[in-house]
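Student: Sharing a model that was predicted from the sequence below.
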Amino acid sequence: MTRAVQFLKRRRVSFEIVEYGHLEKGALFASEAIGMPLEQTVKTLVVEIGKKDYVTLLMPGTKKIALKKLARSYGEKTAAMVDSDTAERLTGYVVGGISPFAMKQGLPVVIDKGLLGFDQVAVNGGKRGLMLVMSPRDLLKVTDAEPAEL
């Protein structure tokens, strides 16, 4: 059981565990492997805003991040995806299995507003090949996420 699963169980959040053979990194492979539409499969991205401020973004697998727009929304000039080592150090999870739950550093979370329109979404469960299918409203609540147009 991963830290993410333990975190959700302690908070009595309803979710379903779906495991699959992790042969490729990415939301497209995960969505196809578990039979969830790509727009309901959540990408968990760690981004550096300005210098040494980090945020976790939860985005539909169908979207690409607009880094300049994100930086401006924080009053900064730059935003960049962090490298794998930094993402793993900040979250305590391996890239390809990064979950927004029970992260090592407790990074702020921003969720794409579009995800909130679905009954269910699939989000990484804390290891490669483990997705958690749950209500996006519960995802928003337990991560204290800020909804935004990403």
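Tutor: Perfect, thanks for sending it. Residues are numbered from 1 along each chain as shown.
Student: Skipping its backbone neighbours, what lies nearest the residue lying farthest from the centre of the chain in space?
Tutor: In the chain, Lys77 marks the outermost C-alpha relative to the chain mean, sitting 23.5 Å out by CA atoms, centre = their mean. Excluding the flanking residues, the one nearest Lys77 by CB to CB, 6 or more residues apart in numbering is Ala71, at 6.0 Å. C-beta: built from backbone N, CA, C; applies to glycine.
Student: Ok, Ala87 next?
Tutor: Val46 is the one closest to Ala87 (CB to CB, 6+ apart), at 4.4 Å.
Student: The one you found: which element?
Tutor: strand 42-49 (DSSP states H and E).
Student: packing partners for that strand?
Tutor: strand 53-60, helix 67-73, strand 79-81, helix 84-91, strand 121-124 (3 or more CB pairs under 8 Å, 6 or more residues apart in numbering; DSSP states H and E).
Student: Going by mean pLDDT, which of those comes out lowest?
Tutor: If you rank these by mean pLDDT, helix 67-73 sits at the bottom with a mean of 90.
Student: Can you give the contact residues for it?
Tutor: 47, 49-50, 57, 77-81, 148, 150 (CB atoms under 8 Å, 6 or more residues apart in numbering).
Student: If we go by neighbour counts, what in that helix is buried?
Tutor: 70-71 (16 or more other CB atoms under 10 Å).
Student: Could you identify which of the helices and strands packed on strand 42-49 is most buried?
Tutor: Highest mean neighbour count of those: strand 121-124, a mean of 26 (counted as mean count of other CB atoms under 10 Å).
Student: on contacts alone, who are the packing partners of that one?
Tutor: Against strand 121-124 (3+ CB pairs under 8 Å, 6+ apart) you get helix 27-34, strand 42-49, strand 130-134, helix 136-143.
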